[in-house]
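1. Build me a model:
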Amino acid sequence: MNRRIFLLVVIIILIADMDLYAQLPSKKILVAYFSHSGNTRIVAEQIKRATDADIFEIKPVTDYPDDYNTVVAQAKKEINASYKPELKTKVKNIKSYDVIFIGSPNWWSTIAPPVATFLSACDFEGKLIVPFITHEGSRMGHSVADIKKLCPKSTVLDGLPVRGGAVKEANDDVVRWLREIKMTN
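-> Residues are numbered from 1 along each chain as shown. Next up, the predicted model:
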């Protein structure tokens, strides 16, 4: 008899716990990224798969050159001038998202100018901003501080640096990071 009561109580607790969990609001997530070489796109897609997020590619109206030295020189010039290039498209309803992952290559220790344009053009008040930066040795640079300046009414996490040459093998690290920041189970 005591065993039946115990089992009944356990079942009731489990059902009540499942019902409570089902009532918790789910976070709507967007992964927005700019990718010149394709590395940031790969990490963005890894995050999208792991979180079941929507995805949005930040694209400037005028593409950057393919030649490495030319794009490096152009990026340096644009960043030093605080230039924000015009973008091809916008997110239709940014207000519907609770969490926005922001992906960028590390250009001259910060985010690429199209990402700065995107962050400047949207209202991120009350949003959780989660940066991820691809790099070839410079890690996050001062990109987090720059994102905080562009989104002063948001909560901005420290983010994840991913070496560009290792993005295809980074999925396990990305998933581990997403668990640490409680964006996935």
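2. Flag the shaky bits of the chain, pLDDT-wise.
-> Within the chain, the stretches with pLDDT under 70 are 1-25.
3. Quick check, Arg163 in contact with His135.
-> Yes: using CB atoms under 8 Å, Arg163 is in contact with His135, at 6.4 Å. Where you see a C-beta, it was placed from the backbone N, CA and C, and this is true even at glycine.
4. Looking at the two, which one has more neighbours?
-> Using other CB atoms under 10 Å, the more surrounded residue of Arg163 and His135 is His135, with 21 against 16.
5. The residue nearest to that one when sequence neighbours are not counted: neighbouring residues, count only.
-> Leaving aside its chain neighbours, His135 sits nearest to Asn106 (4.0 Å; criterion: CB to CB, 6 or more residues apart in numbering). Asn106 has 22 neighbouring residues, counting by other CB under 10 Å.
6. how many neighbours does the closest residue to Lys95 other than its chain neighbours have?
-> Distance criterion CB to CB, 6+ apart; nearest residue to Lys95, sequence neighbours excluded, is Asp123 at 7.3 Å. Asp123 is flanked by 11 other residues according to other CB under 10 Å.
7. okay but Asp123 is in contact with Tyr97, surely?
-> No: Asp123 is beyond contact range of Tyr97, at 11.2 Å (criterion: CB under 8 Å).
8. Now do Glu78 against Val43, distance only.
-> Distance, Glu78 to Val43, using CB to CB, to the nearest Å: 23 Å.
9. Please disregard the earlier target; I meant Val91.
-> According to CB to CB, Val91 and Val43 sit 19 Å apart.
10. All set, thanks.
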